[in-house]
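1. Requesting a structural model of the entry that follows:
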Amino acid sequence: MRFHSESKRDAYDVIVVGSGIGGLTTGSLLARSGRSVLLVERHDRVGGYAHAFRRSRYVFDSAVHMVGGCAPVAFEGGGLVHQLLSTLGVADQCEFERLDPCYAAVYPDAALRVPCDIEGFVEAHAGGSRTNAKNLRQLLQECLNIRQEVRRASELPTPLGVMEMPDHFPTLLRYRRATLSTVMDAHLDSPRSKAFFATLWPYLGLPPSRVSFVYFATMLMSYVADGAFYCRGSFQRLADALASAITSNGGEVLLKSPVRRIRVEGGRARGVVLENGQQIEAPLVISNTDATQTVEELVGPEAFPTEYVAALRNLRPSISAFVVYAAAKLDLDPATACHETFLYSSLDHDTAYRSCLEGDPAWLSVTVPTLSDPQLAPTGEHQLVLTTLIPGDAVSSWRTEKEAMCRRLLQRAGDHYGGLEEALRFVESGTPRTMERYTRNSQGALYGWEITPAQVGVGRPVGETPVSGLRMVGHWTQPGGGIYGVVSSGVQTVQRVLGHQREADLWTALSQRAP
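-> Residues are numbered from 1 along each chain as shown. Predicted structure coming up:
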């Protein structure tokens, strides 16, 4: 994309600060509605955690492994990414490869391959037991009910409206304070069944005993009900498609342009000041950056009520990650290898999480995107992206510990992929410090605030702030982290800005506008 040192205009209807998928979703939909939009990004490309980078002959996704909702589906609330891209008229810019199986997991003396459909999910987990199958179907139905009720709740004027309508949101209210462990204990009998069902907990950054069941259920259904997909060419294509929807609708995307300050005068947002000194006016500023930095640094806490700032300071950011980006000359059979494989040393996910906190993760995931898109690497080679969760302060210095952590993950992956270390052609790694440097998320947080029962729903900040004309979007706001979550955040933001009570009304209104 072209670089500009300054924006073309000095005033816009909307300025979006930060180009994560939440900010891109918001900016592209508002541009489609006819608003003049400026999106400002400090990096040299859009995407946030969805950006990709090239090293020699390889193209690597920085953090996103797969996403749901990329095709139309029959379930209520499904196909959100498909709806977004189709409405914007950029669906042809992304080619999504359906992943099946959705993921695989290897445990001591057990392995799992999970198809991307509800019945296949049940069969893979039930182990031939009719009782297990019955219990799993009941649990998955609860997950579907939650996903549907969450979507309907997003159309209420305020999140507190759920509490006032118990007959309309029975499942959501029943489980709003529940952890994944609590609900699994009520439906599943064996430690093995529970471990299998909770395999995807790293996608939310917390183990079963701490992660919100409501959010886990929503995330799981985005894959199992909607299908899991990889964006051929990398997820940078998805980010670029959304950016192109801004520019094709008369908006502007400004890269390599840090925002020094969000201007607030007379109790309302007035625009931004770029690091180069340019002042740009707008009656609406939407921040897709770290919530704490937005309040404490870009605006200043004195502009907010003291109770709002105090509540924000009491929230707990999520964990970060250590990632190894590798390429190897391996002969992997697509019939047995999987796009996403979790390697666990035990059935106890809480112990696995504690090992992360202690700085010596006992598990990792291995993503092999070249199984879906061979063009990401030279012929005969595969990418292997090794990921584990770890706090930003888990070691005294990532500068000195980075190489040792990289070796440990490669050795553990080599136990599953025989001959990996000898077959390596390229290795690079990223620490929580790397994540923080590229996204400005505090301590490299992957999911905004932790996704606990207390920090989802009404416990997570809404997009509208106490400062008039200032909103926030992305994983620091409702509903939460992950691509599906931040797209939902962007859609809900636009829905409220444009005054549509129902999401369906938003899609109808935007679809009727001339290209």
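2. what bits of this protein have low per-residue confidence?
-> Scanning the chain with the threshold set as pLDDT under 70 gives 1-5, 74-78, 157-161, 163-164, 514-515.
3. what about Gly233, distance to Ala52?
-> From Gly233 over to Ala52 the distance is 8 Å, taken as CB to CB, to the nearest Å. (Each C-beta comes from the backbone N, C-alpha and C, glycine too.)
4. between those two, who's got more neighbours?
-> Neighbours were counted for Gly233 and for Ala52 using other CB atoms under 10 Å; Ala52 has more, 22 against 17.
5. Can you verify my assumption that that one contacts Leu238?
-> No: between Ala52 and Leu238 there is no contact under CB atoms under 8 Å: 9.9 Å.
6. Between Gly233 and Ala52, which contacts overlap?
-> Common contacts of Gly233 and Ala52 (CB atoms under 8 Å, 6 or more residues apart in numbering): Val59.
7. Now do the SS call for the nearest residue to Arg147 once chain neighbours are set aside.
-> Counting by CB to CB, 6 or more residues apart in numbering, Arg147 lies nearest to Met221, which is 4.4 Å off, once chain neighbours are set aside. Secondary structure, DSSP: H, G, I helix; E, B strand; the rest coil: Met221 is helix.
8. I'd assumed Asn145 was in contact with Met221.
-> No: Met221 lies out of contact with Asn145 (CB under 8 Å); the separation is 9.8 Å.
9. what about these two, which has more around it?
-> Between Met221 and Asn145, counted using other CB under 10 Å, the more crowded position is Met221 (25 against 18).
10. Who are the contact partners of that one?
-> Per CB under 8 Å, 6+ apart, neighbours of Met221: 68, 75, 143-144, 146-147.
11. repeat that with 6 Å
-> Met221 sits next to 143-144, 147 when contact means CB atoms under 6 Å, 6 or more residues apart in numbering.
12. Would you mind listing the buried residues in stretch 139-148?
-> Neighbour counts over stretch 139-148 (16 or more other CB atoms under 10 Å) mark 139-140, 142-148 as buried.
13. Please save the CA atoms from that stretch in CSV.
-> Presented in CSV, the C-alpha positions along stretch 139-148 are these (Å, rounded to 0.1, in the frame of the first residue of the first chain):
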residue,chain,number,x,y,z
LEU,A,139,-23.5,-29.9,25.9
LEU,A,140,-23.2,-28.8,22.3
GLN,A,141,-26.9,-27.8,22.3
GLU,A,142,-26.2,-25.5,25.3
CYS,A,143,-23.3,-24.0,23.3
LEU,A,144,-25.5,-23.4,20.3
ASN,A,145,-28.1,-21.8,22.6
ILE,A,146,-25.5,-19.5,24.1
ARG,A,147,-24.2,-18.5,20.6
GLN,A,148,-27.7,-17.6,19.5
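14. contact partners of that stretch?
-> So stretch 139-148 is contacted by 76-77, 118, 171, 187, 214, 217-218, 220-221 (CB under 6 Å, 6+ apart).
15. and if we set it to 10 Å?
-> Contacts of stretch 139-148 with the rest of the structure, by CB atoms under 10 Å, 6 or more residues apart in numbering, involve 75-78, 118-119, 121-122, 125, 169-172, 174-176, 183-184, 186-188, 193, 197, 213-222, 224-226.
16. Just give me the closest of the contacts of Met221 to Asp61.
-> Taking CB to CB as the measure, Asp61 lies nearest Arg147 of those, at 25.5 Å.
17. ok, that closest one to Gly68 distance?
-> For Arg147, the distance to Gly68 - CB to CB - is 11 Å.
18. and for the two, which residues touch both?
-> If you check Arg147 and Gly68 against CB under 10 Å, 6+ apart, the residues they both contact are 78, 218-222, 225-226.
19. So which of the residues you listed wins on neighbours?
-> Thr218 (28 neighbours).
20. How about that residue, nearest residue that isn't a chain neighbour?
-> Nearest to Thr218 is Arg147, by CB to CB, 6+ apart, at 5.1 Å.
21. now do Ala328
-> Nearest to Ala328 is Ala423, by CB to CB, 6+ apart, at 4.1 Å.
22. thinking again about what came up before, for the buried residues of stretch 139-148, could you give me CSV that also reports secondary structure and distance to Cys356?
-> Converted to CSV, those look like this (DSSP: H, G, I helix; E, B strand; the rest coil; distance: CB to CB, whole Å):
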residue, secondary structure, distance to Cys356
Leu139, helix, 26
Leu140, helix, 28
Glu142, helix, 28
Cys143, helix, 25
Leu144, helix, 30
Asn145, helix, 32
Ile146, helix, 27
Arg147, helix, 28
Gln148, helix, 33
